[in-house]
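1. can you look at this prediction? I've put the sequence above it.
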Amino acid sequence: MPIQPAQDAASMPLGEHLRELRNRLLKAVGAILLITVVAALFYKQLIGFLIDPLPGCAPGQPDGADDAGRCGVISLNGLLSPVTLALKVSITAGVVAASPLWLYQLWAFVAPGLHRNEKKYTLIFLGAGIPLFLTGAAVAYWTLPTTARVLISFTPDNATNLLPVDDFLDLATRMVLVFGLSFELPVLLVLLNLGGVISARRMADWWRGMFITIAAFAALATPSTDPLSMLLLATPISLLYLAACAIAWYNDRRRQRTATTRGGSLDTEASSIDLTRVPLDAPDDISVSR
């Protein structure tokens, strides 16, 4: 049986789009399930890796206490908690590790309906967004020990702090998502510049407000009160913002050179609106004949 040529995305009926979406979803879910099963075989190592930043007093961690002797007892509540924890850790590892695969399936579903430039922009987003997100996740994991020690330091001297692993994993997941998504700021700015929405000059004019916003966001995003965690988040985001400004400046210069070579000019800023008041002429008399 001869192979039928693929239909153009614009001429595909709704049923074909739904079947294409179903196939892409099945491939993405299959990749996540496969990696989840593999991660379930090493769930103890994964849990140990995740709770390692905790200053715990559990056996095997005699040096977990801080200088004041404060630490927390790492605990699991209930008979089903270990099973639930293993499932949660395995599924999380499957979603994170399979992110390049399901992101590609998402791009492959959307790509046929995009123009050539839009395809290029989405490839740039995937190529730069994934490493930046993973870098933000690594920075979050690196700051977890400092965050945990600062929070435990508020424990009274005559009290013992119980540290449920589920609660800590929820906190770690929120930090990983916040740090990872915040590292996507330069990718968003560069994409807006490539799309002609904002210029490098406009981005440079925002530097004061951006630095203040980044500092305030870092202070709210980090659960600890120490300035070190805030600086560990605010400093790389500020540097990435400056890098995005540099890339946008280079792209605007390239556009200007291209426009000059072709004999035209490129205006990267929106034209100003003249709001000067101009007096109107007196209205003419209109005679009505009866």
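-> That came in fine, so what should we check first? Numbers count the residues shown, from 1 in each chain.

2. CA only for contacts and neighbour counts going forward, please
-> OK.

3. where does the protein dip in pLDDT?
-> 1-12, 55-71, 111, 113-115, 117-119, 121-122, 223-226, 229, 262-278, 280-290 (pLDDT under 70).

4. what ranges does it have for its helices?
-> 14-40, 43-51, 81-97, 99-110, 116-152, 165-182, 185-194, 200-205, 207-221, 227-261 (DSSP state H).

5. could you dump those helices into CSV and include distance to residue 158?
-> CSV is the format used below for the helices of the chain (distance: least, CA to CA, whole Å):
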stretch, distance to residue 158
helix 14-40, 39
helix 43-51, 25
helix 81-97, 28
helix 99-110, 45
helix 116-152, 13
helix 165-182, 22
helix 185-194, 44
helix 200-205, 53
helix 207-221, 30
helix 227-261, 27
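
6. out of those, which comes closest to residue 279?
-> Nearest to residue 279 among the helices of the chain is helix 200-205; the distance by CA to CA comes to 34.1 Å.

7. and the closest one, how far out from the chain's middle?
-> Centroid separation between helix 200-205 and its chain, computed with CA atoms, centre = their mean, to the nearest Å, is 22 Å.

8. and what of stretch 92-108?
-> The answer for stretch 92-108 is 14 Å, by CA atoms, centre = their mean.

9. buried sites along that stretch?
-> Within stretch 92-108, the residues scored as buried using 16 or more other CA atoms under 10 Å are 92, 93, 94, 95, 97, 98, 99, 101, 102, 104, 105, 107.

10. same question, stretch 14-22
-> residue 21.

11. just the CA atoms of it, as PDB, please.
-> Provided in PDB are the C-alpha atoms of stretch 14-22 (Å, rounded to 0.1, in the frame of the first residue of the first chain):
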ATOM      1  CA  LEU A  14     -10.700  19.000  12.700                       C
ATOM      2  CA  GLY A  15     -10.600  15.200  13.000                       C
ATOM      3  CA  GLU A  16      -7.100  15.000  11.700                       C
ATOM      4  CA  HIS A  17      -6.000  17.700  14.200                       C
ATOM      5  CA  LEU A  18      -7.500  15.800  17.100                       C
ATOM      6  CA  ARG A  19      -5.900  12.500  16.000                       C
ATOM      7  CA  GLU A  20      -2.600  14.300  15.700                       C
ATOM      8  CA  LEU A  21      -3.000  15.800  19.200                       C
ATOM      9  CA  ARG A  22      -3.900  12.400  20.500                       C
END
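
12. what does that stretch rub up against?
-> residue 109 (CA atoms under 8 Å, 6 or more residues apart in numbering).

13. just the helices of the chain: most buried one?
-> helix 185-194 (a mean of 20; mean count of other CA atoms under 10 Å).

14. which strands and helices sit next to it?
-> If you count contacts as 3 or more CA pairs under 8 Å, 6 or more residues apart in numbering; DSSP states H and E, helix 185-194 packs onto helix 116-152, helix 227-261.

15. distance to residue 171 added to those helices, as JSON lines?
-> Output for these, formatted as JSON lines (distance: least, CA to CA, whole Å):
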{"stretch": "helix 116-152", "distance to residue 171": "9"}
{"stretch": "helix 227-261", "distance to residue 171": "14"}
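
16. out of those helices, which gets nearest to residue 87?
-> Smallest distance to residue 87 across the helices and strands packed on helix 185-194 (CA to CA): 20.6 Å, for helix 116-152.

17. so for residue 73, which of the helices of the chain sits nearest?
-> Closest to residue 73 of these is helix 165-182 (CA to CA; 9.9 Å).
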